[in-house]
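> A structural model of the following input is requested.
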Amino acid sequence: MTSRLWPGVVSEHLPTARLDVHMLHLGRTTGEPVLLLHGNVSSALFWQRTMLDLPERYRPIAVDLRGFGDTESKEVNARRGLSDYADDVAAVVDALDLTSAHLVGWSMGGGVALQALRDRPGRVASVTLVNPVSPYGFGGTHGVDGQLNDPAGAGSGGGCANPDFVSRLASGDRSGDVPTAPRQVFLGAYVQAGFTIDDEAELDTYLDSMLSTRTGEGHYPGDVHTVDTWPGVAPGDRGVLNAMAPTHFRIDDLPDIDPKPPIGWIRGEGDVIVSDTSLFDLAHLGAIGAVDGWPGDDVAPAQPMIAQTRHVLDRYAAAGGSYTETVIAGAGHSPHIEQPKEFANALLATLTAGRISGS
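Okay, here's the model as predicted:
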């Protein structure tokens, strides 16, 4: 995918103690390290504009997480939640001989950043969450404290992916004929409806990035367990969506970590993926009649993703930490692409608050 690099962006493979990691950077060997973590069904290519927008005092490094882009294709142990990814990021920090780094995580990458912060707070200068997955995972919970709708996690995990979308990913579909085509998913969900990218080469870059996703039970979407509770599927033990299931991933003790670096939370106002009314949450889709058999709010309420994130961050602040919330108008799930100037300003505020001395 190196043909999709923007001028000034460098591609490099980094051997680490866990796996061979592909990363993008700007050739800088000094400056405050900023590790950029992409979301699900994407890669480091989504971060190029952000990297180029950062001042020279920063050293941006965008990594391809395992199973995406050009990083080694090792399976995901979903029973560890997002810890496989967080441990991979720690291995990158070690391989680059960094004392600490700023973490910027988008969507699933936000969950990876939270896991990394929880596990190794002393090595994190700041965390910027960009439209992040809820600290209680994706799907299958209710209430601001992330209570399970069902003990097995029904309504979350690998069985909740659209099978036609998965099939089109696996086949490398570049068409835009149907709503489940990756190109249309990008235009209809990754960015706010109506947002256009005039440069066809840029749009192709994002499509290349999505199509770099490894598919299968150990990758995207993961394996599936069946249950009697609606919608009949529960998280399996392997793969991406299961790693974000609330039975495997839960960051409830963030207020207890020490030290507590500053957290910036940036989100697009029109996000339909991470939302209190997410169009990717089967419970919400059932409530609006888009999925058959929904048993009602008393059995399968929709997940209030935004409210859950705010609840955890409020508790973090009450325990002595700090966070800011920035809502960007005219943006959906990808404010770093849709409104890059506003995004860069918000990102820089958090980076400045967590400045690494001596860098």
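
> From here on, just use CA atoms for contacts and neighbour counts.
Fine.

> What segments of the stretch 1-150 of the chain are helices?
Residue ranges of the helices in the stretch 1-150 of the chain, as given by DSSP state H, counting those that start in this stretch, are 48-53, 83-95, 108-119.

> tell me which residues of the first one are tucked away?
Across helix 48-53, burial judged by 16 or more other CA atoms under 10 Å covers 48-52.

> and which of the residues you listed is nearest Asn162?
Distance to Asn162, by CA to CA, is smallest for Gln48 among the buried residues of helix 48-53, at 28.5 Å.

> ok, now which ones touch the closest one?
5-6, 9 (CA atoms under 8 Å, 6 or more residues apart in numbering).

> Check the helices of the stretch 1-150 of the chain for me and report the most buried one.
helix 108-119 (a mean of 26; mean count of other CA atoms under 10 Å).

> Distance from that one to the middle of the chain?
Relative to its chain's centre, helix 108-119 lies at 9 Å (CA atoms, centre = their mean, to the nearest Å).

> Convert it to CSV, retaining C-alpha atoms only.
Taking C-alpha atoms only, helix 108-119 is exported to CSV below (Å, rounded to 0.1, in the frame of the first residue of the first chain):
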residue,chain,number,x,y,z
MET,A,108,-11.4,0.8,18.2
GLY,A,109,-8.0,2.4,18.6
GLY,A,110,-9.5,4.5,21.3
GLY,A,111,-10.2,1.4,23.2
VAL,A,112,-6.6,0.2,22.6
ALA,A,113,-5.3,3.5,24.0
LEU,A,114,-7.5,3.2,27.1
GLN,A,115,-6.2,-0.4,27.6
ALA,A,116,-2.6,0.8,27.2
LEU,A,117,-3.2,3.6,29.6
ARG,A,118,-4.8,1.3,32.2
ASP,A,119,-1.9,-1.2,31.9
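
> which residues touch that helix?
For helix 108-119, contacts defined as CA under 8 Å, 6+ apart pick out 37-40, 82-83, 85-87, 89-90, 103-105, 124, 127-135, 244, 251, 253-254, 257.

> quick revisit: from the buried residues of helix 48-53, which single one is nearest His225?
Nearest to His225 among those, counting by CA to CA, is Gln48 at 37.4 Å.

> For the contacts of helix 108-119, which PyMOL command selects only the ones that are buried?
Buried residues among the contacts of helix 108-119 (16+ other CA under 10 Å), as a PyMOL selection:
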select buried, resi 37+38+39+40+82+83+85+86+87+89+90+103+104+105+124+127+128+129+130+131+132+133+134+135+244+251+254+257
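
> what number of residues lie near Leu5?
Here the number of neighbours of Leu5 (other CA atoms under 10 Å) works out to 15.

> Look up how far Ser43 lies from it.
Distance of Leu5 to Ser43, given as CA to CA, to the nearest Å: 12 Å.

> Over to Pro304?
27 Å.

> higher neighbour count, those two?
Comparing Pro304 with Ser43 by other CA under 10 Å, the one with more neighbours is Ser43, at 29 against 23.

> Tell me which residues touch that one, please.
Ser43 makes contacts with 63-65, 68-69, 209-210, 212, as judged by CA under 8 Å, 6+ apart.

> Let me know the closest of these to Gln308.
For those, the nearest to Gln308 is Leu65 (25.1 Å; CA to CA).

> does the closest one really touch His38, like I thought?
Yes. Leu65 is within contact range of His38, at 7.5 Å (criterion: CA atoms under 8 Å).

> and Asp173, helix, strand or coil?
Counting by DSSP: H, G, I helix; E, B strand; the rest coil, the backbone at Asp173 sits in coil.

> next one: Ala154
coil.

> Now the phi/psi pair for it, please.
Per-residue torsions, Ala154: phi -50, psi 140 (degrees, to the nearest 10).

> What residue, apart from its backbone neighbours, is nearest it spatially?
Distance criterion CA to CA, 6 or more residues apart in numbering; nearest residue to Ala154, sequence neighbours excluded, is Ala234 at 4.3 Å.

> A strand includes the one you found, no?
Yes. Counting by three-state DSSP, Ala234 is located in a strand.

> any idea how far Asp281 is from Ser209?
In this view, Asp281 and Ser209 are 23 Å apart by CA to CA.

> and if you look at Ala302?
Taking CA to CA, one finds Ala302 at 30 Å from Ser209.

> So which of those two has more stuff around it?
Ala302 (26 against 22).

> ok so the more buried one is a helix residue?
No. Under three-state DSSP, Ala302 sits outside any helix and is assigned coil.
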